[in-house]
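1. using only what follows, build the 3D model:
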Amino acid sequence: MADDTEDVELDFAADEQERERRSAVIRHPLASFFHLFFRVVAIVAYLLCDLISENFASCFVLIITLLSFDFWSVKVRGCAGPQNVTGRLLVGLRWWNQIDDDGKSLWVFEAKKASRGNNIGTEAEARIFWLGLIICPLIWIFFFFTSLFSLKIKWLSLVVASVSLQAANLYGYLRCKAVGEDGQPADSFTGQHLLQRPDIIFGIL
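-> Residues are numbered from 1 along each chain as shown. The predicted model follows:
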């Protein structure tokens with residue numbers, strides 16, 4: 001009887017170790033890489049812009065192009081419908097806008113439940129996704145205040161555009177996550193709901 005109990009405990013420990021090993025695996029390395037690549041390069045380009053080029057227009061175009069590529073890789077609508085590449089692969093979330101038959105614009109937020117058979121990323125990939133999605137907009141907000149206080153008005157326009165692109169994706173995916181956790185209609189999620197549910201943000205880190 002004691003041997004049976006010991007076997008069960010060993011099996012449980014082995015299952016726990018296997019679960020921890022799988023949670024640390026990167027199943028979508030390409031998606032994980034590009035989820036961070038464009039946004040990080042855009043930040044580095046902003047910091048080194050004076051060294052790259054003295055022409056503000058060139059720097060503006062370069063950084064906005066990088067962030068547009070980032071927006072495309074994180075959330076893109078393909079010919080086959082909404083793809084949301086890194087969001088769909090890494091965390092099973094996607095959001096998009098569509099026009100119904102009456103010509104009304106609708107925002108759709110979707111959360112796919114993780115299961116053994118689907119292709120959603122691991123815990124490590126989810127951490128990469130959310131950290132990149134949250135930290136980079138915070139960095140651009142910091143750049144906003146530094147540009148504002150140093151009176152670099154032309155750089156302020158670049159930072160505002162950058163914050164807008166980054167914040168749009170973050171807000172959309174927070175709505176997706178709220179829908180997935182609460183099972184509530186997406187339209188009921190507002191900024192006030194986010195303030196009332198800080199666990200939505202802290203629970204993903």
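2. so for stretch 104-124, mean pLDDT?
-> Mean per-residue pLDDT for stretch 104-124: 74.
3. end-to-end on it?
-> In stretch 104-124, first residue to last residue: 39 Å (Cα to Cα, to the nearest Å).
4. where along the protein do the helices fall?
-> 2-23, 29-47, 49-52, 56-74, 85-90, 123-149, 153-182, 191-196, 199-202 (DSSP state H).
5. and these: which comes nearest Gly103?
-> With Cβ to Cβ as the criterion, Gly103 lies closest to helix 153-182 of the helices of the chain, at 22.2 Å. For every residue, glycine as well, the C-beta is placed using N, CA and C.
6. what average pLDDT does that closest one get?
-> pLDDT averaged over helix 153-182 gives 86.
7. so for that helix, what gets flagged as buried?
-> Within helix 153-182, the residues that count as buried by 16 or more other Cβ atoms under 10 Å are 155-156, 158-159, 161-163, 165-166, 169-180.
8. please name every helix or strand in contact with that helix.
-> helix 29-47, helix 56-74, strand 93-99, strand 105-111, helix 123-149, helix 191-196, helix 199-202 (3 or more Cβ pairs under 8 Å, 6 or more residues apart in numbering; DSSP states H and E).
9. I figured Val85 was touching Phe71, is that so?
-> No: checked against Cβ atoms under 8 Å, the pair Val85 and Phe71 is beyond contact range at 10.8 Å.
10. check contacts around Asp70.
-> Listed by Cβ atoms under 8 Å, 6 or more residues apart in numbering, the contact partners of Asp70 are Phe37, Phe38, Arg39, Ala42, Leu165, Gln166.
11. run a quick neighbour tally on the closest residue to Ala168 other than its chain neighbours.
-> Spatial nearest neighbour of Ala168, excluding adjacent residues (Cβ to Cβ, 6 or more residues apart in numbering): Phe71 at 7.8 Å. Neighbour count of Phe71, defined by other Cβ atoms under 10 Å: 16.
12. Leu151 versus the nearest residue to Ile43 once chain neighbours are set aside, what's the distance?
-> Excluding the flanking residues, the one nearest Ile43 by Cβ to Cβ, 6+ apart is Ile139, at 5.8 Å. Separation of Ile139 from Leu151 (Cβ to Cβ, to the nearest Å): 20 Å.
13. over to Leu138?
-> Relative to Leu151, and taking Cβ to Cβ, Leu138 is found at 22 Å.
14. and what of Leu106?
-> Leu106 sits 42 Å away from Leu151, going by Cβ to Cβ.
15. higher neighbour count, these two?
-> Leu106 (12 against 8).
16. hang on, Ile59 packs against Leu47?
-> That one is not Ile; residue 59 is Cys. No: using Cβ under 8 Å, Cys59 is not in contact with Leu47; the gap is 10.9 Å.
17. neighbour-wise, which of these two wins?
-> When neighbours are counted by other Cβ under 10 Å, Cys59 comes out ahead of the other of Cys59 and Leu47, with 20 against 12.
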